[in-house]
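In: Okay, predicted coordinates and the sequence, questions at the end:
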Number of protein chains: 2
Amino acid sequence: MVKPQESKESLQESLQQVIRLLNKHKLVEGLVHKQDMPKHDLVESLVHKQNLAELHKKLDALHPADVAYILEALPLEQRLDVWDMVKAERDGEILLEVSDAVRQTLIADMDSEELLAAAEQLDTDELADLAPDLPKDVLQDLLDSLDSRNRERLQSALAYPEDAVGALMDFDIITIREDVSLEVALRYLRRLASLPDHTDKLFVVDRDDILRGVLPLKRLVVNDPDLIVSAIMTNETVVFHPEDKADEAAKAFERYDLVTAPVVDENNRLVGRLTVDTVMDFIREEAESDILSMAGLREEEDLFASVWKSVQNRWAWLAINLVTAFIASRVIGLFEGSIEKIVALAALMPIVAGIGGNSGNQTITMIVRGLALGQAASYSMKSLLLKELGVSLLNGVVWGGVLGLAAYFLYHNIALGVVMTAAMTLNLLLSAIMGVLIPLMMTKFGRDPAVGSSVLITAVTDSGGFFIFLGLATVFLI
Amino acid sequence: MVKPQESKESLQESLQQVIRLLNKHKLVEGLVHKQDMPKHDLVESLVHKQNLAELHKKLDALHPADVAYILEALPLEQRLDVWDMVKAERDGEILLEVSDAVRQTLIADMDSEELLAAAEQLDTDELADLAPDLPKDVLQDLLDSLDSRNRERLQSALAYPEDAVGALMDFDIITIREDVSLEVALRYLRRLASLPDHTDKLFVVDRDDILRGVLPLKRLVVNDPDLIVSAIMTNETVVFHPEDKADEAAKAFERYDLVTAPVVDENNRLVGRLTVDTVMDFIREEAESDILSMAGLREEEDLFASVWKSVQNRWAWLAINLVTAFIASRVIGLFEGSIEKIVALAALMPIVAGIGGNSGNQTITMIVRGLALGQAASYSMKSLLLKELGVSLLNGVVWGGVLGLAAYFLYHNIALGVVMTAAMTLNLLLSAIMGVLIPLMMTKFGRDPAVGSSVLITAVTDSGGFFIFLGLATVFLI
């Protein structure tokens, strides 16, 4: 029995062990290269073989998800060494487990034959996950090698966008008729010898594959075998369509605590099923991509990606920030005359801009979350705006007051202190207004408010903060 | 059958409908108040009653999760109106579904008796979720009302920290003996009439509740009923301990695609089980709290919280940012003499600081993620640092070069352009070093690197950026 603490430790231990064996292996290889003395050859090649055998054994004993973990944790060169040692028949399932970024490095290392062999071990729904990363010619060979039913399934799965239910569903469905007894259903199941993973219910369909209901295994085992399926099945089940949004499906899985759910076409014909493990992976990936995009990374990045790959992943956001920073700089440029007269303005202005940005990001995060949950509908926007303005006013008076006092004590200038307090309050109010309006506008124009909102609000509060503070100073102090 | 698209629409529709009925209800109430003409009374009270009846009917027909959704989407006053209309016997299950922040507003509206009545409808594991939000005296009354077994369970669940498996597990376990036939097991199940939610396996224990293995329902239904449980059960299952970290358990659920898993004590005695729906809720909450803390919010906030509550949730991070902004401002203060001589420095310096912050946040996000997955162990830190330095150098030369040129064209000063390029490159290198070191140090001192890393790196790149740029300018330009 695997205990998770042991399993967590043993995962780290496995990683360390693989690295140790790999280093030994490299060391011996190096020695063999350097020394050409024939009498050493035998000994070293023995040690070499022993190390390799141990490494192979270790890797063969690991769960595919664990091999994937180790591949992710290794720098490119060692990663490919380990990849070459993995048994070819396990390539497919491991490729499914690694992240997109790491998968690309592994696929780049394989020739068409190896890829085709790996792909042929997978189910159609698994192939659909892998297909976008395969070279065009391998994909074509793969399609040619499938029977017509699976080819159709794969092509239709590939036709759906990545975030549609059709791209996530699998085809491991066990169907029964509604007019048979539970006894007959059980006898039918016993002939199958094993059921697909996550089977918690059987799908009840008619002759034309039209979904009539579902029969949870739980009900199958607690009810009298003489009863008829239609008496025990339920049709109170959540049903999805292939074109449904995957994130809506994920919310339904969470909301109604589902393990599997049927996917039907427009005629209510059963075409596949969605399982909780796929949904959980989807939720995790979405959460990761939110965090990455908040930090200005375009997509998941291989920790050991080359400098060049990393620069490509990051330059877009840096460039946008550069533009907004440049605009803010030009706003300051407008007031160079004022700064020349009162140089303290230069030291104080970044505080006004920075706090506005922080406060705006707090507001925007709340609103984006409310919009994503559908709870910040436009009718309540007025009350949300009023509330955020209240929060900003309070923060502006308190923290603006504190910094106004600080400015006064530093520069012995009462008017400067008052301008500081006023500018901070005004910039916080600006940040509240824009924090509510920006995500609302983005939603109205059909954009995802989670992406780019933070950059926009910071741009506004930076340029706005400089303008408000330096403008007020120019009017009242100079 | 519920179709999710319809269900999503109907969720929004339900919300709109509740709001419409609520408004009508309020309107009539207002009229009754204003007009004291007796002849109108009868008509209005009829309309009033009709509205209320419709609202009650609507609410009764909704899934508890959907009522919770509507409560979350309503401003406080309307939320409490709706809450009062929910049938008392549904209070408990709805309280479980709402977020912590909204739960507090609902509980504040209930008296001890109502709370006790709501709590008494819940299972022990559900009570454990609710208990921390209950007033002390209600919790004590509740403990007194439980039988000794459930009291013990509740107290032990409450004793575990929120992020331990012991706080998430439930007690809905069906156990069987290993020496019986599947036929006997099936007969036993039929006597139960129904199985707990998410039952995908039975737990095989001996006389002392020691876990011997698990029998998946899938295996139960496909195997010959004459076989003995011990021949069919598996002991290759992931087992947790109550004191295990919940996030490790969540990773195991994702990694090994689990639906339920047994929880055992140190003697391998079965004490509970963990289910995928609880784990999925936990993952969602963790992801939300990461996003909230990145934005500087202490915890999940009720969208319609009072201004005062929101200020409390947000002031801590604002105060920290205020301190770091003040320090950066004092760094600028050191160079006021230089700024007085070349006022262009004031306009250019925020660019250097800002881009350093962006780049640092990109680095830190990568490293924090690597550390969380256990893949950025210290042995690979050197290669990660070298890579990040490479990325920064490239970005510094390219973007620093662009801005150096811009500075030259704006101010016709070659030396200023060169200083700009050099300062940007140096600050980006600083951001790379700190982006790798800060999360590493925080991990070493046992702190969660996801919390506060972003604030720290921004503080360093702001103050550092101002110091590098103004320092270089003072040395080379003045």
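Out: Received the coordinates, thanks.

In: pretty sure residue A:329 is touching residue B:348, no?
Out: Yes: if you go by Cβ atoms under 8 Å, residue A:329 and residue B:348 touch, sitting 6.0 Å apart. Using the backbone N, CA and C atoms, a C-beta is placed for each residue, glycine as well.

In: Compare those two (neighbour count), which wins?
Out: Using other Cβ atoms under 10 Å in any protein chain shown, the more surrounded residue of residue A:329 and residue B:348 is residue B:348, with 29 against 25.

In: can you tell me if the strand or helix carrying the more buried one touches chain A.
Out: If you go by DSSP states H and E, residue B:348 is part of helix B:344-372. Yes: for helix B:344-372, a contact with chain A is found by Cβ under 8 Å from any Cβ of the partner chain, at B:344-351, B:353-355, B:358-359, B:361-362, B:364-366, B:369-370.

In: Check which helices and strands the helix or strand following that helix sits against.
Out: Remark: after helix B:344-372, the chain's next helix or strand is helix B:381-411, criterion DSSP H and E. With contacts taken as 3 or more Cβ pairs under 8 Å, 6 or more residues apart in numbering or on different chains; DSSP states H and E, helix B:381-411 sits against helix A:307-334, helix B:344-372, helix B:414-444.

In: ranking those helices by burial, who's on top?
Out: helix B:344-372 (a mean of 26; mean count of other Cβ atoms under 10 Å in any protein chain shown).

In: starting at the chain centroid, how far to it?
Out: Remark: helix B:344-372 is offset 26 Å from the chain centroid, using Cα atoms, centre = their mean, to the nearest Å.

In: Nearest spatial neighbour of residue A:301, chain-adjacent residues omitted?
Out: Excluding its sequence neighbours, the residue lying closest to residue A:301 (Cβ to Cβ, 6 or more residues apart in numbering or on different chains) is residue A:313, at 5.1 Å.

In: residues touching that neighbour, list them.
Out: A:297, A:298, A:299, A:301, A:305 (Cβ atoms under 8 Å, 6 or more residues apart in numbering or on different chains).

In: Is stretch A:187-194 in proximity to chain B?
Out: Yes: with Cβ under 8 Å from any Cβ as the criterion, chain B is reached by stretch A:187-194 at A:189, A:190, A:192, A:193, A:194.

In: Please indicate which of those are buried?
Out: Burial by neighbour count, 16 or more other Cβ atoms under 10 Å in any protein chain shown: within the residues of stretch A:187-194 next to chain B this picks out residue A:189.

In: Make JSON lines out of the contacts of residue A:313 and add secondary structure and neighbour count.
Out: Below are those laid out as JSON lines (DSSP: H, G, I helix; E, B strand; the rest coil; neighbours: other Cβ atoms under 10 Å in any protein chain shown):
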{"residue": "A:297", "secondary structure": "coil", "neighbour count": "22"}
{"residue": "A:298", "secondary structure": "coil", "neighbour count": "14"}
{"residue": "A:299", "secondary structure": "coil", "neighbour count": "12"}
{"residue": "A:301", "secondary structure": "coil", "neighbour count": "22"}
{"residue": "A:305", "secondary structure": "coil", "neighbour count": "20"}
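
In: Tell me the span between the first and last residue of stretch A:176-195.
Out: End-to-end span of stretch A:176-195 (Cα to Cα, to the nearest Å): 13 Å.

In: Actually, stretch A:137-155.
Out: 15 Å.

In: Residue A:272 versus residue A:148, what's the distance?
Out: 17 Å (Cβ to Cβ, to the nearest Å).

In: So between the two, which is more surrounded?
Out: Taking other Cβ under 10 Å, residue A:148 and residue A:272 do not tie; residue A:272 has more neighbours (24 against 7).

In: Please look at that one and residue A:169 and confirm they touch.
Out: Yes: using Cβ under 8 Å as the test, residue A:272 is close enough to residue A:169 to be in contact (3.6 Å).

In: anything in contact with each of these two?
Out: Common neighbours of residue A:272 and residue A:169 (Cβ under 8 Å, 6+ apart) are A:125, A:242, A:263.

In: could you check the distance from residue A:52 over to chain B?
Out: 22 Å (Cβ to the nearest Cβ, to the nearest Å).

In: Grab the nearest non-local neighbour of that residue.
Out: Nearest non-adjacent residue to residue A:52 (Cβ to Cβ, 6+ apart): residue A:25, at 6.3 Å.

In: Could you do residue A:340 as well?
Out: residue B:343 (4.8 Å).

In: what's the pLDDT at the one you found?
Out: Residue B:343 is assigned 93 on the pLDDT scale.

In: Please name the residues that touch the closest residue to residue A:360 other than its chain neighbours.
Out: Among residues not flanking residue A:360 along the chain, residue A:431 sits closest, at 3.4 Å (Cβ to Cβ, 6+ apart). Counting by Cβ under 8 Å, 6+ apart, residue A:431 touches A:356, A:357, A:359, A:360, A:363, A:392, A:457, A:460, A:461.
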